[in-house]
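Colleague: predicted model follows, preceded by the sequence.
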Amino acid sequence: MHTTIYGRPACPYCVRAKQIAEVLKKKRDDFDYTYIDMVQAGISPQQLEEKIGQTVRTVPQILIDDTYIGGCMEFEAHARAHLGL
């Protein structure tokens, strides 16, 4: 499974989401992730909204295998419930 985390620099929730992803990557052979810095990549919130089909008011925005999960809190809850975090 592949997780994509869209975030911004200096965002504490983005840092936390990456930490969770790193733990999962070490624990699971089937888990990998990509972090995309929206500023560096030139992705606007509107462009991300078109991709994920959700309103983007905060970051991070996280997808697992192209399925929208939500932000950091939702990702952590999903990881605990389904991925053995």
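Modeller: Happy to help now that I have it.

Colleague: for this protein, what spans make up the strands?
Modeller: Along the chain, the stretches classed as strands by DSSP state E are 2-7, 32-37, 61-64, 67-70.

Colleague: would you mind finding the most buried of those strands?
Modeller: Most buried of the strands of the chain, by mean neighbour count (mean count of other C-beta atoms under 10 Å): strand 61-64, with a mean of 23. Glycine gets a C-beta too; all of them are placed from N, C-alpha and C.

Colleague: mind giving me the packing neighbours of that strand?
Modeller: Here strand 61-64 touches strand 2-7, helix 45-52, strand 67-70, helix 72-82, going by 3 or more C-beta pairs under 8 Å, 6 or more residues apart in numbering; DSSP states H and E.

Colleague: could you export these as TSV, including distance to Ile36 and mean pLDDT?
Modeller: Shown next, in TSV, are those (distance: least, C-beta to C-beta, whole Å; pLDDT from 0 to 100):
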stretch	distance to Ile36	mean pLDDT
strand 2-7	5	97
helix 45-52	9	94
strand 67-70	15	95
helix 72-82	14	97
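
Colleague: wait, which of the ones you listed is closest to Ala21?
Modeller: Of all the helices and strands packed on strand 61-64, strand 2-7 sits nearest to Ala21, with 5.8 Å by C-beta to C-beta.

Colleague: may I have the closest one exported as CSV, CA atoms only?
Modeller: Extracted C-alpha coordinates of strand 2-7, given in CSV (Å, rounded to 0.1, in the frame of the first residue of the first chain):
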residue,chain,number,x,y,z
HIS,A,2,1.2,3.5,-0.7
THR,A,3,0.3,6.6,1.3
THR,A,4,0.6,10.1,0.0
ILE,A,5,0.9,13.0,2.4
TYR,A,6,0.3,16.5,1.1
GLY,A,7,1.7,19.1,3.5
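
Colleague: neighbouring strands - and their directions - for it?
Modeller: strand 32-37 (parallel), strand 61-64 (antiparallel) (DSSP bridges).

Colleague: returning to that earlier point: of the helices and strands packed on strand 61-64, which approaches Asp29 most closely?
Modeller: Among the helices and strands packed on strand 61-64, if distance is taken as C-beta to C-beta, the winner is strand 2-7, at 13.0 Å.
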